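Novice: sequence and computational prediction follow.
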Amino acid sequence: MAENNTEQARFNMVEQQIRPWEVLDQAVLSTLSTVPREAFVPDAYRNLAFADTEIPLGHGEQMMKPVIEGRLLQALAIKPDDKVFEIGTGSGFITACLAELGDQVISVEIQPELAKQASAKLAAQGINNAAVKTGDALATASTYGHFDAIAVTGSLPQAEAADTLKSQLNVGGRLFAIIGEGVVMEACLITRTGENQWIRETLFETELPPLTNASTANAFQF
């Protein structure tokens, strides 16, 4: 893809896909216009880097559609001094965007090969405020402490998983998760408003493959 064509395709992705999907936060739009999505797409799918489609990553994982990525980033409203936790690194693209918007990102990927690839891609882009760990984030999330924002990049069949993760938010912190099974899934934002108070907002309906091991929520060790 020639450089001019790449930039035009990136512009079209932002202006014709993401912005019409009610993503209007300028910081998010600027990030999606700046972070090179094509650098995180598997070589075999490079021609689909800016397409309105999910992109296979292997191991049953995939990149979300750009519109979902945009809505996720906007919902979390990352501030420059925020500490962010990402559950499911995948390609590393959302990790890169979170790192661009926030201060520090810890991302955990259950597939060692994907974690290694994402870490290398982040390093190649000079992103040094994001650390990729290998492991089952749902089973070990509590060991990473508290965060200002938590992004879950695969769906959670059971709402209980999100209810457990919300305790890791700082007061004022936000958690984005897609909850449900089959075609009945809702993108939700959970905000911690007090020591023992949270509010949950349903943002939109969508579909997303489940996070690995998400169906074993009742077996989480917290």
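Specialist: Nice, thanks for sending it over.

Novice: residues making contact with the lengthiest helix in the chain?
Specialist: Assignment by DSSP state H gives helix 112-124 as the longest helix of the chain. Residues from elsewhere that reach helix 112-124 (C-beta atoms under 8 Å, 6 or more residues apart in numbering): 39-40, 57-59, 61, 89-92, 95-96, 99, 107, 109, 130, 132-134. Backbone N, C-alpha and C define where each C-beta goes, glycine included.

Novice: please list only the buried members of those residues.
Specialist: 39-40, 57, 61, 89-92, 95-96, 99, 107, 109, 130, 132, 134 (16 or more other C-beta atoms under 10 Å).

Novice: from those, which single one is nearest residue 157?
Specialist: residue 61 (16.1 Å; C-beta to C-beta).

Novice: measure the closest one to residue 167 for me?
Specialist: For residue 61, the distance to residue 167 equals 26 Å [C-beta to C-beta, to the nearest Å].

Novice: same question, residue 185
Specialist: 23 Å.

Novice: before we move on, what about residue 104?
Specialist: 20 Å.

Novice: same question for residue 106.
Specialist: 17 Å.

Novice: quick one, which of the two is more surrounded?
Specialist: Taking neighbours as other C-beta atoms under 10 Å, residue 106 and residue 167 compare with residue 106 leading, 19 against 14.

Novice: got the angle for the helix or strand containing that one vs helix 112-124?
Specialist: If you go by DSSP states H and E, residue 106 is part of strand 104-109. Per axes from the mean of the first three to the mean of the last three C-alpha atoms, to 10 degrees, the angle that strand 104-109 makes with helix 112-124 is 150 degrees.

Novice: residue 149 contacts residue 102, correct?
Specialist: Yes: between residue 149 and residue 102 there is a contact under C-beta atoms under 8 Å: 7.0 Å.

Novice: helices of this protein, start to end?
Specialist: 3-12, 26-34, 66-76, 93-101, 112-124, 137-140, 159-165.

Novice: which other helices and strands does the third one contact?
Specialist: Which is helix 66-76. helix 26-34, helix 93-101, strand 147-152, strand 169-181, strand 184-194, strand 197-205 (3 or more C-beta pairs under 8 Å, 6 or more residues apart in numbering; DSSP states H and E).
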